[in-house]
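Novice: Show me the folded form of this:
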Amino acid sequence: MNESMNTSEILWMCLVGGVLLQLLFAVWNAACLPKVRSFHKVNIVPSDQLVSVLIPARNERIHIEACLESVLASDTKGFRMEVLVLDDRSEDETAALVQAIAERDSRVRLLRGTELPAGWMGKSYACHRLVQEAQGDWFMFVDADVRVKPDAIRQTFAAGCAQGGGLVTGFPYQVAKTWMEKLVVPMMMFTIISHLPIFMIRRSASPMFVAATGAFLLIHRTSYEASGGHAAIQGHLVDDMSLAKAVKRAGHPVMLTDVHDVTSTRMYQNGAEVWNGYKKNMYEGMGRKDVLLLGTMLMYFVMYIVPPLGLVIGLLTGSETSFLYGSIGTLLGMAVKRVSDHIGGQPWWLALFQPISMACVIAIGLASWQAGRSGKGYVWKGRRYS
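Specialist: Here you go, the predicted model:
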């Protein structure tokens, strides 16, 4: 009995120790993330460069006006700006709304989408078309559901100039209204803070160390062309990560910055969109590698689901060991979540729901794996991807 108890305690101690190490890594990693506000207009050299803001839009009636108005309100001291919007064969009033704004502001130009060529993903082809029409030295890709503060583009542009080209990206503040959004969407930052050594994104030339979001991504024309652009990744479902990796392979730098205080987005409008959006990206984002995805889901279960289960079992059975270590492990897991939520600007209390958030991520991850492996594929914005 004692031997069994000792073994149980050793296993619990190893588990809790692992979560503690994860917390320490997350704290250190968060401190390595540069804030885009630390870059100033003095970094914009030479002055008077043209930045092309490129917005792919498909059925974005509820977003496109606010997105464009926020972009057009940008502080453009030190550079010039053009805004190109490609209406990707929308079935709503997206094109008409953009055209109305273009008639009021000559910086805006509306492009019409064409039939998707074989082998291309929808968003990648839209971005490819936008680049073909862009005149700028820099391309600033912005999703239609993103809102930018007046200094967002200028400071991101300053970061790109300070880096000397390459790619600069950052995750906007995630507006979450439904419970599924609150539980799942902020977990995107959790995975980065928990696993990716952020300082290696800038210091290492390896494409292994990269994180990017197409929602807000700046890239120099030279770096885009050297990487092959979207034409080189036309069949990749997770186009932002693939583009960032291609930029690194071409020998150009990549920077991940904290932009949550100058940009915001509501990526999904309800629980179904959250489920389908993450389901589309998780398996593909891990390179369709079964061992990597399933191993990650298993690790998440052990580190973040087992402790709260142990806490409950300890309460129900009176096991002091399960209750003690389960409580410590649960609190440490919540602390890791709080670190990532702080970086993303999320409220403190959201970390209390970390075990539920992790259970949702595991469920979506398994669904993503099953859909990818079975050949059923994914459905997004009316298009099916296999």
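
Novice: mind listing what residue 175 touches?
Specialist: With contacts defined as C-beta atoms under 8 Å, 6 or more residues apart in numbering, the neighbours of residue 175 are 264, 265, 266. To be clear about C-beta, it is placed using only N, CA and C from the backbone, and glycine gets the same treatment.

Novice: So which residue is smack in the middle of the chain?
Specialist: A centroid search over the chain (C-alpha atoms, centre = their mean) returns residue 213, at 4.5 Å, as the residue closest to the centre.

Novice: if we can go back for a sec, going by neighbour count, which of the contacts of residue 175 comes out on top?
Specialist: The member of the contacts of residue 175 surrounded by the most neighbours (other C-beta atoms under 10 Å) is residue 265, with 24 neighbours in all.

Novice: how about it, phi and psi?
Specialist: Here the main-chain torsion angles of residue 265 (degrees, to the nearest 10) amount to phi -160, psi 150.

Novice: Was I right to think it contacts residue 144?
Specialist: No: counting by C-beta atoms under 8 Å, residue 265 sits too far from residue 144 to count as a contact (9.5 Å).

Novice: could you redo the contacts of residue 175 as TSV and give each row distance to residue 59 and pLDDT?
Specialist: Shown next, in TSV, are those (distance: C-beta to C-beta, whole Å; pLDDT from 0 to 100):
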residue	distance to residue 59	pLDDT
264	20	97
265	16	96
266	15	94
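
Novice: Would you reformat these as TSV and include distance to residue 9?
Specialist: Rendered in TSV, the data for these read as follows (distance: C-beta to C-beta, whole Å):
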residue	distance to residue 9
264	46
265	45
266	46
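
Novice: which of these lies closest to residue 169?
Specialist: If you rank the contacts of residue 175 by distance to residue 169 using C-beta to C-beta, residue 265 comes first, at 13.2 Å.

Novice: which residues touch that closest one?
Specialist: Listed by C-beta under 8 Å, 6+ apart, the contact partners of residue 265 are 143, 145, 146, 147, 172, 173, 174, 175, 215.

Novice: List buried members of those by neighbour count.
Specialist: For the contacts of residue 265, a neighbour count by 16 or more other C-beta atoms under 10 Å gives the buried set as 143, 145, 146, 147, 172, 173, 174, 215.

Novice: How much space separates the closest residue to the third one other than its chain neighbours from residue 344?
Specialist: Read it as residue 146. Ranked by C-beta to C-beta, 6 or more residues apart in numbering and with sequence neighbours excluded, the top spatial neighbour of residue 146 is residue 265, at 4.6 Å. For residue 265, the distance to residue 344 under the criterion C-beta to C-beta, to the nearest Å works out to 11 Å.

Novice: can you give me the helices in the stretch 251-386 of the chain?
Specialist: Assigned by DSSP state H, counting those that start in this stretch, the stretch 251-386 of the chain shows helices spanning 271-285, 290-300, 306-317, 320-344, 354-374.

Novice: just so I know, which of the ones you listed lies nearest residue 75?
Specialist: Distances from residue 75 to each of the helices of the stretch 251-386 of the chain were compared using C-beta to C-beta; the shortest belongs to helix 320-344, at 24.1 Å.

Novice: Figure out how far the closest one is from the centre of its chain.
Specialist: Distance, stretch centre to chain centre, for helix 320-344: 24 Å (C-alpha atoms, centre = their mean, to the nearest Å).

Novice: quick one: it to helix 290-300, angle?
Specialist: Between helix 320-344 and helix 290-300, the angle comes out at 110 degrees (axes from the mean of the first three to the mean of the last three C-alpha atoms, to 10 degrees).

Novice: Averaged pLDDT, helix 320-344. What do you get?
Specialist: Per-region confidence: helix 320-344 scores 96 on mean pLDDT.

Novice: moving C-terminal of the top helix by length along the chain, what's the next helix or strand?
Specialist: What stands out as the longest helix in the chain, according to DSSP state H, is helix 2-31. In the C-terminal direction, the helix or strand that comes right after helix 2-31 (DSSP states H and E) is strand 49-57.

Novice: Buried residues in that next one, which are they?
Specialist: Under the neighbour-count criterion of 16+ other C-beta under 10 Å, strand 49-57 has 49, 51, 52, 53, 54, 55, 56, 57 buried.

Novice: Show me the contact partners of stretch 81-96.
Specialist: Surrounding stretch 81-96, the residues in contact under the criterion C-beta under 8 Å, 6+ apart are 50-61, 64, 68, 71-72, 74, 98, 105, 107-115, 122-123, 126, 129-130, 133-136, 144, 153, 382.
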